[in-house]
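>>> Below: sequence and its predicted model.
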Amino acid sequence: MDLLIKQSDALTGEVTVPGDKSISHRAVIFGSLAEGVSEFSNFLMGEDCLATLKALSDMGVKCSINGSKITIHGVGLRGLKPPTKSLNLGNSGTSARLLLGLLGAQKFNSNIKGDKSLSNRPMNRVMDPLRKMGMEFFSRNGKLPINILGNESLNEINYELTVPSAQVKSAIIIASIFANKNSKITENHVTRDHTERMMLAMNYPIFSDRDSISIEPGGKFDAINFQIPGDFSSSVFLIVACLISKNSSITIKNVGINPTRIGFLEIAKRMGADIKILNKKNLNKEPTADIQVISSVLRSIELNDRNLISSAIDEFPAIFILAAFAKGKSSFDGLNELRVKESDRIKSMAINLEELGIEVSEHENGIAITGGVMKGGEIECFGDHRVAMSFAAAGNSSKAKILIKDADSIITSFPEFVQKMRQINSLIEIK
Ligand code: S3P
């Protein structure tokens, strides 16, 4: 599937975005470990979350889907069954990393595999701490496919996170549920805390303060009825499209605004963005709100703040589009994690921005982007959903049409993207 975006006049309207991807993954895992039947509404029916759902159903968990609601019949902490085949996790890094923490603690062996991109992503960052707890993994170069030898008797861990990654933290938290004694994790920078919040919402004994988390093993997850907020990271493509378009104003309703996720708001505001947060409320320990956006004149930014970067980690492709439309030269440093996402996001964005006439200079840990006139042209997604959606957002305001080649990856996180963009008057077509 290719996407063609033509310049549109004004973007306007009120929209919602599908459920949060990170929270949807955790819903499947903790719903499966719960005792009783849980219901999660506004579940993200994207390929990544469906890969986690398929993996758990391959281990005997009964789930049913009704529209965007999933019902999960929890099997308790020790109720998973051995899968009869390798678990295929497609493109999903979150599925792979979180499930390593779960599978290594089972009474059975298993194997996980994924697509080409996932099979190139680093897994030692998760396997190293999990091995310290007594888990056993076999892989080539620390990449998928991975054979997992189940071990039901795990040691506790006292671990300081060396990589700023919620996936690593969450894998260790999940493993700690199955350890012999209490475990403790310390982090030096902010990473998303949906795991901790959902465990608390399900009354699991986990305690967290600013930078440390302790987990009691062998606790119980109460079944829950949980409404998943809209995915802030998906909303960002609509926000960016609106900010850089003339005479535009949109409102995105019921979006998750967990403080560990909204670094983008701070960055965009520093660049001059007019964004308001309205109608704040809490849904099962996750804050949500409506986001009102108005077209803005943007200025460049210099960014190297690790905490801000970590809380905007998935938003950089979209932030680079803001920089391309801003006045002046923006510089971004400390972005090494972007090199190991669904694609090397520094490189994927640099190649495409240059193709569209924007001056960029890439370096090992970052990039400088000089705002200018974006011409039209053809871009490559490198199999990366966020690269595709960032250029779709840009296409509303570029000088000529942008054709995004092979954009199928958007179904991993935002299957209704084209429909939602049309709802705010974007001239986007599937080719
Ligand atoms: C995620 C954590 C982040 C993020 C990813 C989802 C999660 O990855 O980029 O899209 O759900 O825990 P890292 O943990 O590698 O930072």
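Perfect, I can see it now. Since the model is a prediction, treat every value here as computed from it, not as a measurement.
>>> Need the nearest residue in space to residue 112, chain neighbours excluded.
Distances taken as C-beta to C-beta, 6 or more residues apart in numbering put residue 87 closest to residue 112, at 4.8 Å, once the chain neighbours are dropped. For every residue, glycine as well, the C-beta is placed using N, CA and C.
>>> Hmm, residue 55 and that neighbour touching each other?
Yes: counting by C-beta atoms under 8 Å, residue 87 touches residue 55, with 4.4 Å between them.
>>> Give me the common contacts of the two.
99, 112 (C-beta atoms under 8 Å, 6 or more residues apart in numbering).
>>> So between the two, which is more surrounded?
Neighbour tally, residue 87 and residue 55, criterion other C-beta atoms under 10 Å: the higher count belongs to residue 55, 26 against 23.
>>> tell me the contacts of the more buried one?
Residues in contact with residue 55, defined by C-beta under 8 Å, 6+ apart, are 83, 87, 89, 95, 99, 112.
>>> Enumerate the residues of the stretch 51-200 of the chain near the ligand.
Proximity of the stretch 51-200 of the chain to the ligand (C-beta under 6 Å from any ligand atom) is limited to residues 94, 165-167, 170, 192.
>>> mind giving me the domain split of the protein?
Residue ranges for the domains of the chain, per automatic domain parsing: 3-19+229-430, 21-227.
>>> Make CSV out of those domains and add mean pLDDT.
Formatted as CSV, the domains of the chain follow (pLDDT from 0 to 100):
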stretch, mean pLDDT
domain 3-19+229-430, 97
domain 21-227, 97
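>>> and the stretch 201-350 of the chain, which of its residues are near the ligand?
313-314.
>>> in the stretch 201-350 of the chain, which spans are strands?
For the stretch 201-350 of the chain, the strands defined by DSSP state E, counting those that start in this stretch occupy 206-208, 212-215, 225-227, 249-256, 274-283, 286-294, 302-303, 329-332.
>>> Check which helices and strands the shortest one sits against.
If I follow you right, that is strand 302-303. Contact here means 3 or more C-beta pairs under 8 Å, 6 or more residues apart in numbering; DSSP states H and E; on that basis strand 302-303 packs against strand 329-332.
>>> Can you list the strands that the strand it packs on pairs with?
Strand 329-332 has the following sheet partners, assigned by DSSP bridges: strand 302-303 (parallel), strand 366-370 (antiparallel).
>>> Using CSV, write down the CA coordinates of it.
In CSV, the C-alpha atoms belonging to strand 329-332 read as follows (Å, rounded to 0.1, in the frame of the first residue of the first chain):
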residue,chain,number,x,y,z
LYS,A,329,18.4,25.3,12.7
SER,A,330,17.3,22.7,15.3
SER,A,331,19.8,20.4,16.8
PHE,A,332,19.1,17.1,18.6
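>>> quick check, distance from it to the centre of its chain.
Centre-to-centre, strand 329-332 and its host chain are 24 Å apart (C-alpha atoms, centre = their mean, to the nearest Å).
>>> Which residues does that strand contact?
Residues outside strand 329-332 that contact it (C-beta under 8 Å, 6+ apart): 271, 300-304, 316, 319-320, 323, 366-371.
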